[in-house]
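1. Have a look; sequence and predicted model below, questions after that.
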Amino acid sequence: MTYNRADFALLRDTGYGVGFHWTTATLPVRGAPLPFEEAVERFDVSAFVEQVLSTGAGHVLFTSTHSRHWLCAPNPEIDRVLSGRTCRRDLLMELADALGKVGVRLVVYYNSGIHVGDPEWRRACGAEEDDPGRFFENWQRIIGWMGAHYGPKMCALWVDGGYELEKIGAGKTPWAELTGAAKAGFTDRLVCYNPGIERLHSYTEHQDFWAGEVCRLNYIPRGPSNAAGLPWYAFVSWHGDSRKATCGAWVMNADNRDVPWVSPPAESVVMFLRGFQRVGGTVTFNLFIYQDGTVYPSDLEVMRRVRSMVRG
């Protein structure tokens, strides 16, 4: 049966967004990091939202899990799989509520945690078993619970590692079922599966927009949709890294904290954004963020200039 995509206007109409890799690896401005759950407890939602408002962003993309599968919120389905990988404070709900009050939508980033960086989670969730059935059942239960819990407050789910889901399924990944679970609680929720940096490949028609992971501001979309027929979207890191030139830098971690990063001119950012808007798409700009929720000053300043140029 042909998949009926959700209306991309849910994101397109926000104008543009800002994204944050706030993860278990994110460091403070200086010194040693707090334990993750303590960092979650101390996260200042009001101060964070004020920073977002200053950028003029109409949506925020925020990590729920990243390289280590540890959710910044409660989730009984994760607890069932492996205890100690959730938090008491529901940071995602508090962000959704606070952002919603000022008209900003929340996109949740989810990584399945099945890469080599988290072997404990891989074993617990079933990713190392010959039959991937238990893994996919756990994925659907975790995501389904999140979808029902956050409902329309989570307007989109950005799923990282689509290539890992394809690999573990060995050509039989139950994409329709995964997307069905991802839309629990809000059938209009937008869902995408990331195929990798600047890759247009699509593993399934059961998604609503291109994940758009991009690491350069000269990526030019053409036509109303990409090669897979999906709406144009970009989640872009503008901090390039010569050690991983095709990836860019996304997280303020041990590799990146002491580097004197230079943010791009606002004019270049606006030109990039307008390239996507011309074809009915939109952009989320990844900004460096510290563990206390403070946005990297030069990134924040660029987006404040973008706001004045785009929003007036």
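-> Received it, and whenever you're ready, just let me know what you need.
2. which residues touch the closest residue to P265 other than its chain neighbours?
-> Excluding the flanking residues, the one nearest P265 by CB to CB, 6 or more residues apart in numbering is V302, at 7.7 Å. Any C-beta I mention is one placed from the backbone N, CA and C, and that applies to glycine too. Counting by CB atoms under 8 Å, 6 or more residues apart in numbering, V302 makes contact with 263-266, 269.
3. Of these, select the buried ones using a ChimeraX command.
-> This is how ChimeraX selects the buried members of the contacts of V302, with burial counted by 16 or more other CB atoms under 10 Å:
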select :263,264,266,269
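4. Filter the contacts of V302 down to just the ones in helices.
-> Within the contacts of V302, residues falling in helices by DSSP state H are 266, 269.
5. pLDDT and distance to A96 for the contacts of V302 - can I get that in CSV?
-> Output for the contacts of V302, formatted as CSV (pLDDT from 0 to 100; distance: CB to CB, whole Å):
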residue, pLDDT, distance to A96
S263, 96, 27
P264, 96, 29
P265, 97, 32
A266, 98, 28
V269, 98, 26
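6. Throw the contacts of V302 into a markdown table and include distance to A6, thanks.
-> Listed next are these as a markdown table, based on distance: CB to CB, whole Å:
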| residue | distance to A6 |
| --- | --- |
| S263 | 33 |
| P264 | 32 |
| P265 | 35 |
| A266 | 32 |
| V269 | 27 |
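7. Strands of the stretch 1-150 of the chain, start to end?
-> 17-20, 59-63, 105-111 (DSSP state E, counting those that start in this stretch).
8. Out of these, flag the one nearest A6.
-> Smallest distance to A6 across the strands of the stretch 1-150 of the chain (CB to CB): 12.9 Å, for strand 105-111.
9. Show me what the closest one is packed against.
-> helix 9-12, strand 17-20, strand 59-63, helix 91-101, helix 133-150, strand 154-160 (3 or more CB pairs under 8 Å, 6 or more residues apart in numbering; DSSP states H and E).
10. Now render the ones you listed as CSV, adding mean neighbour count and distance to I197.
-> Shown next, in CSV, are the helices and strands packed on strand 105-111 (neighbours: other CB atoms under 10 Å; distance: least, CB to CB, whole Å):
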stretch, mean neighbour count, distance to I197
helix 9-12, 20, 20
strand 17-20, 25, 15
strand 59-63, 23, 16
helix 91-101, 18, 26
helix 133-150, 20, 23
strand 154-160, 24, 11
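11. low pLDDT regions in the stretch 1-150 of the chain?
-> Screening the stretch 1-150 of the chain residue by residue with the criterion pLDDT under 70, one finds the ranges 1.
12. so who does the residue most central in space within the chain touch?
-> What sits nearest the mean C-alpha location of the chain, by CA atoms, centre = their mean, is Y109, with 3.0 Å. Each residue near Y109 by CB under 8 Å, 6+ apart is listed here: 19, 21, 61-64, 66, 158, 160.
13. For it, name its beta-bridge partners.
-> T63, W158 (DSSP bridges).
14. how much space between it and S308?
-> Note on Y109: its distance to S308, by CB to CB, to the nearest Å, is 28 Å.
15. Also P264?
-> Counting by CB to CB, the gap from P264 to S308 is 16 Å.
16. Check S83 too.
-> 48 Å.
17. which parts of the helix or strand hosting V302 are buried?
-> For V302, the element it lies in under DSSP states H and E is helix 297-310. Neighbour-count burial for helix 297-310, counted by 16+ other CB under 10 Å, picks out 299-300, 302-303, 305-307, 310.
18. Report the contact partners of the closest residue to R85 other than its chain neighbours.
-> Beyond its immediate neighbours in the sequence, the residue positioned closest to R85 (CB to CB, 6+ apart) is W70, lying 4.9 Å away. Counting by CB under 8 Å, 6+ apart, W70 makes contact with 24, 36, 85-87.
19. I am finished for the moment; much appreciated.
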